[in-house]
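Undergrad: The sequence and its predicted three-dimensional model are supplied below.
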Amino acid sequence: MTPAITIVAAACGFPSGPTMELADTAVRSQLSLLQAHPHYLDRAGIPAKVSCFPAEQPFAAARWETLALAALDNLTCRLERQLGSDRPWPPSLLWLVLPDPNHRPALPAGLFERLSSAVRRSPLPWETIEPVLGGHAAGMTALGQAAAALAQRPDALAVILAVEADLSADALTWLDLQALLHGAHEPWRGRFRPQPYGRIPAEGAAALALARLNDPVAGWATLLGCATAAEPMTYRCPEPCTGLGLTQAVRQALSQAGSINPIDCVLADLNGEPYRADQYGFTALRLSDVLQADWQTLTPALASGDLGSASAIAHLALAAYSLWQRPQAGTQLVLASSDDPLRGAALLGATQPIPALPEVQPWRSPSTSTA
């Protein structure tokens, strides 16, 4: 029997959670770290709010490289602990998830070429480095490609690295003009008012390592299913988004998973935009038959800000870490939306069996017991 695909280890970092452990704590406590952008002023002359690391470096390609290498180094250290530092590295395949320059203006030129050259300094023996360009849900496309590759190469290690650092003044101008920049002031009836919806742009990076392990307990979480679908209603449409594409992606992932425990936690990519709230509400209603009665929603963007093309992989890393630390948490569903029509969903389960607790018997005093 072919072993299941296991998330062996993960890494995630953003300003309020620069390591995997701190990222998990920040999301669960909704700890954010917002600051005024050092350069961009909205139309009222007020700095926009962003979630960024200290801005000693300009918002250029070097910043993307720093974030990517930090996440990859963190992942490599965890892999050495999980797989054993004395073992040779298995053949390694890398998917590099980045924004699509055709839909995101002001990206640094030659970003994929620069990052692919930088990650080759890693000790992992990369056989291939594949680009996956897209929006927030692009990581789900990479996850599907990695799962398909492991079906052909069960001896390989599949790594997905996603990076987001598009916080230049030009990038924020583009968001502001589309009414996607939360809190940015816009003219209204002869005065300025802040945009009540929209995203808070953020920077960060995340990485996943997947493999087919004979002993899945050595990993963090089991990948039960993953799928993508197309949503006919995007944020540009005047009609409400009813989540048809997102629901389809979840149903396909459920069909791959087969018989599973009810979903205990949903990691939603809500980011302050109304269409995503509509979409999530309709999708949750359609999935009521597979949700536990006391299921919970986790919204990482409340802590991290909007991580753009790194969102899906960051949320998968958070879900895998949660299952590794709290295996009793049950099945986790990770949802991914995007400005484009792509929608994605992934189901993760714990690798560690939950021990059966002994039945608790009421205490009885020996003096009152009868023969």
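TA: Here it is on my side, so go on.
Undergrad: need the helices for this protein, in chain order.
TA: Applying DSSP state H to the chain gives helices spanning 20-29, 61-83, 111-119, 138-152, 169-177, 244-257, 274-286, 301-304, 311-325.
Undergrad: Please save the CA atoms from the last one in CSV.
TA: This file holds the C-alpha atoms of helix 311-325, laid out as CSV (Å, rounded to 0.1, in the frame of the first residue of the first chain):
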residue,chain,number,x,y,z
SER,A,311,-1.6,33.2,2.0
ALA,A,312,-2.5,29.6,1.1
ILE,A,313,0.8,28.1,2.1
ALA,A,314,1.0,30.1,5.3
HIS,A,315,-2.5,28.9,6.3
LEU,A,316,-1.6,25.3,5.4
ALA,A,317,1.6,25.6,7.6
LEU,A,318,-0.5,27.0,10.5
ALA,A,319,-3.0,24.1,10.2
ALA,A,320,-0.2,21.5,10.0
TYR,A,321,1.5,22.9,13.0
SER,A,322,-1.7,23.0,15.0
LEU,A,323,-2.3,19.3,14.3
TRP,A,324,1.2,18.5,15.2
GLN,A,325,0.9,20.3,18.6
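Undergrad: Report the angle between it and helix 61-83.
TA: 30 degrees (axes from the mean of the first three to the mean of the last three C-alpha atoms, to 10 degrees).
Undergrad: Centre of the chain to helix 311-325, how far?
TA: Mean-position distance between helix 311-325 and its chain equals 7 Å (C-alpha atoms, centre = their mean, to the nearest Å).
Undergrad: Same question for the fourth one.
TA: For helix 138-152, the distance from its own C-alpha centre to the chain's C-alpha centre is 15 Å (C-alpha atoms, centre = their mean).
Undergrad: Put the alpha carbons of that helix into CSV.
TA: Extracted in CSV, the C-alpha atoms of helix 138-152 (Å, rounded to 0.1, in the frame of the first residue of the first chain):
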residue,chain,number,x,y,z
ALA,A,138,-1.9,30.0,-6.1
GLY,A,139,-0.4,27.9,-3.2
MET,A,140,-3.3,25.4,-3.7
THR,A,141,-2.2,24.9,-7.3
ALA,A,142,1.3,24.2,-6.1
LEU,A,143,0.0,21.8,-3.5
GLY,A,144,-1.9,19.8,-6.2
GLN,A,145,1.2,19.7,-8.4
ALA,A,146,3.4,18.6,-5.5
ALA,A,147,0.9,15.8,-4.6
ALA,A,148,0.8,14.6,-8.3
ALA,A,149,4.6,14.6,-8.4
LEU,A,150,4.8,12.5,-5.2
ALA,A,151,2.5,10.0,-6.9
GLN,A,152,5.2,9.6,-9.6
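Undergrad: Present the helices of the chain as TSV; the columns should include mean neighbour count, distance to Val97 and mean pLDDT.
TA: Every residue, glycine included, has its C-beta placed from N, CA and C. Below are the helices of the chain laid out as TSV (neighbours: other C-beta atoms under 10 Å; distance: least, C-beta to C-beta, whole Å; pLDDT from 0 to 100):
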stretch	mean neighbour count	distance to Val97	mean pLDDT
helix 20-29	19	17	97
helix 61-83	20	10	93
helix 111-119	17	10	96
helix 138-152	21	5	97
helix 169-177	18	17	93
helix 244-257	21	17	96
helix 274-286	19	20	95
helix 301-304	25	16	97
helix 311-325	28	6	97
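Undergrad: can these go into JSON lines with extra columns for distance to Gly183?
TA: As requested, the helices of the chain are exported to JSON lines (distance: least, C-beta to C-beta, whole Å):
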{"stretch": "helix 20-29", "distance to Gly183": "20"}
{"stretch": "helix 61-83", "distance to Gly183": "23"}
{"stretch": "helix 111-119", "distance to Gly183": "27"}
{"stretch": "helix 138-152", "distance to Gly183": "26"}
{"stretch": "helix 169-177", "distance to Gly183": "10"}
{"stretch": "helix 244-257", "distance to Gly183": "27"}
{"stretch": "helix 274-286", "distance to Gly183": "15"}
{"stretch": "helix 301-304", "distance to Gly183": "14"}
{"stretch": "helix 311-325", "distance to Gly183": "20"}
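Undergrad: Out of those, flag the one nearest Cys237.
TA: helix 274-286 (7.8 Å; C-beta to C-beta).
Undergrad: what's the closest one packed up against?
TA: helix 244-257 (3 or more C-beta pairs under 8 Å, 6 or more residues apart in numbering; DSSP states H and E).
Undergrad: measure the residue nearest to Val266 when sequence neighbours are not counted to Leu143 for me?
TA: Among residues not flanking Val266 along the chain, Leu333 sits closest, at 4.8 Å (C-beta to C-beta, 6 or more residues apart in numbering). According to C-beta to C-beta, to the nearest Å, Leu333 stands 14 Å off from Leu143.
Undergrad: Also Pro196?
TA: 33 Å.
Undergrad: Does Cys52 touch Ser16 like I think?
TA: No - at 10.8 Å, Cys52 and Ser16 do not qualify as touching, with contact defined as C-beta atoms under 8 Å.
Undergrad: The closest residue to Trp64 other than its chain neighbours: what's it in contact with?
TA: Of all residues not flanking Trp64 in the chain, Ala165 sits nearest, at 4.8 Å (C-beta to C-beta, 6+ apart). Going by C-beta atoms under 8 Å, 6 or more residues apart in numbering, Ala165 touches Phe59, Arg63, Trp64, Leu67, Glu203, Gly204.
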